[in-house]
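A.B. asks: Quick check, what structure comes out for this input:
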Amino acid sequence: MIYQNSPTVNVVDYLPPLSSFADLAKYRLLQPHYFATGYFAAGAVVTAGFEVPGTWVPTLAVDPLNASAAAAFYAAGPRALSYEDLNQWARGNPQDQFGGTSSAVIPRPVTFWKQTGNFYSLTGLGANFPPVGMV
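C.D. replies: Numbering: from 1, shown residues only. This next block holds a predicted model:
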């Protein structure tokens, strides 16, 4: 805490411990995304509470980079596979879907949904979560 005292004003500011910032969900974008904070190209790393709202539901086109992100990705579920499916992940030298190009090579995601029969399970950071059925 920081205390600022004067004869007329007593202000108390609370600064959260630095360890709480380490718990914020971080994602690598596998495809370009638009957020209220702006455009982010494929390969960008975004943090919940900064570039994206803390309540943001991650799309399937992200790679969770920490335990908090993996938990949010799991909670969102596999969903109906659509345009944001991992199959759309750009390999090699990805082309920006919004007209531009990107020279960055985006690493293959570590954590993604894998179908086994009628169930989906996460790989990588989410491998400890139980499989879920598709709705």
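A.B. asks: Can you tell me which helices and strands the helix ranked longest in the chain packs against?
C.D. replies: Counting by DSSP state H, the longest helix found in the chain is helix 67-76. If contacts are counted by 3 or more C-beta pairs under 8 Å, 6 or more residues apart in numbering; DSSP states H and E, helix 67-76 sits against strand 26-29, strand 62-64, strand 119-122. Where you see a C-beta, it was placed from the backbone N, CA and C, and this is true even at glycine.
A.B. asks: which residues are in contact with whichever helix or strand comes after the first one?
C.D. replies: Tracing the chain C-terminally past strand 26-29 and defining elements by DSSP states H and E, one meets strand 33-35 next. Residues lying outside strand 33-35 but in contact with it, judged by C-beta atoms under 8 Å, 6 or more residues apart in numbering, are 39, 40, 46, 51, 52, 53, 56, 59, 61.
A.B. asks: And the furthest pair within those residues?
C.D. replies: Farthest pair in the contacts of strand 33-35 (C-beta to C-beta) is 53 and 61. Separation: 17.2 Å.
A.B. asks: Could you pull up the mean pLDDT of the longest helix of the chain?
C.D. replies: For helix 67-76, mean pLDDT is 96.
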